[in-house]
Each structure stands twice: as C-alpha cells, then as structure tokens.
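Participant: This is a predicted model, with the sequence first.
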Amino acid sequence: MRTFDFAPLYRSAIGFDRLAQLLDGQNVDPQPTYPPYNIELIDDDKYLITMAVAGFDRSELELEVERDALKITGRKQRDDQAKTYLHRGIAARNFEHRFQIADHVKVVSAKVASGLLNIELVREIPEAMKPRKISIDGDNNVQRLERHAA
C-alpha cells in the first residue's frame, strides 16, 4: 500500500487536517458488498442512499448517526423452524454498513418500500459559513454575497 505525506497540505491549508486523517485512516480491507446500495446526487446539496434490504422488516433495521458517520445495521430475527432448502439464493444475514458523511450533512428521512431502504441526506451550511463580502474601506460592514445562476 502506498503512503502519502500530508505535510505540504498542513503548511498551506487550514482546517483540512480531518480530511488528511480520513484519507490516512482508510484501511485496505474491501468494503462490504452486502447489501448492495446506490448513492445518488439528487441536487447540489441533496443525496439519496438506496440499499436493497429485501427480506428485512423495518423492526430489523437500525440507522444511527454519530458525529461524521452513518451506521446502518440489519439484524435478522432467528427462525426457530428448521427448513430444508433445495436452493438458497436469498441472503438473509446480518449486516452493518458505515458511511462517512461530511460536515453539515444531515439525514432527513429514511423509508422502506418494495425491499429498498431509501435514506435522504441534505447538506445544510450554516449562515456563518456561507460566502461573505468584506469591505476594505475600514467599516465593519460585512455583506452576504448573492449567488446568481448563470
């Protein structure tokens, strides 16, 4: 595995140390492929994670957001009846999947429909972090920049 030196980043960029730690902390283990999922960019600040959870009931799924991580857990309830399968192609095993989420990204809603878990996320940038125009003439007058569509 290659390692990268983030020292130049620390010299010229302020506040990106968390990004460097995130890249540095990535392990070489492959990401779990079960259950399959999609990540969609719906709008500039809206995302949708769609996860195939066929066979799982709502009560067997759990979503948890802690700091900068979204954890999705599926725990299948034990079936006490002994079954004899001629072919078993539907995976009904427990899973845990983690997604790193950026600052100011919040989970808005989660729904299960037709065997798919849909999780909507939105980036909500606080007013204090939006672009501002600073006057140079010495007044302490700070004006908010307007974003115009081209």
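Facilitator: Noted; the coordinates are in hand.
Participant: okay, CA-based contacts and neighbour counts for the rest of this
Facilitator: Noted.
Participant: which residues in the protein form strands?
Facilitator: Here the chain has its strands, by DSSP state E, at 37-43, 46-52, 61-66, 69-74, 95-100, 105-113, 116-123, 132-134, 142-144.
Participant: Give me the sheet partners of the longest one and which way each runs.
Facilitator: The strands that strand 105-113 pairs with in its sheet are strand 116-123 (antiparallel) (by DSSP bridges).
Participant: Let me know the angle separating the partner strand from strand 46-52.
Facilitator: Angle of strand 116-123 versus strand 46-52, following axes from the mean of the first three to the mean of the last three Cα atoms, to 10 degrees, is 160 degrees.
Participant: circling back: CSV for the strands of the chain, including mean pLDDT and mean neighbour count?
Facilitator: Shown next, in CSV, are the strands of the chain (pLDDT from 0 to 100; neighbours: other Cα atoms under 10 Å):
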stretch, mean pLDDT, mean neighbour count
strand 37-43, 91, 12
strand 46-52, 94, 18
strand 61-66, 93, 14
strand 69-74, 92, 16
strand 95-100, 90, 14
strand 105-113, 93, 14
strand 116-123, 94, 18
strand 132-134, 79, 13
strand 142-144, 52, 11
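Participant: Need the ones you listed in a markdown table (columns: distance to Lys83).
Facilitator: Converted to a markdown table, the strands of the chain look like this (distance: least, Cα to Cα, whole Å):
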| stretch | distance to Lys83 |
| --- | --- |
| strand 37-43 | 29 |
| strand 46-52 | 24 |
| strand 61-66 | 24 |
| strand 69-74 | 22 |
| strand 95-100 | 22 |
| strand 105-113 | 27 |
| strand 116-123 | 26 |
| strand 132-134 | 65 |
| strand 142-144 | 65 |
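Participant: Out of those, the one nearest Asp80 is which?
Facilitator: Closest to Asp80 of the strands of the chain is strand 69-74 (Cα to Cα; 18.5 Å).
Participant: counting contacts, what elements does the closest one pack onto?
Facilitator: Secondary-structure packing of strand 69-74 (3 or more Cα pairs under 8 Å, 6 or more residues apart in numbering; DSSP states H and E): strand 61-66, strand 95-100.
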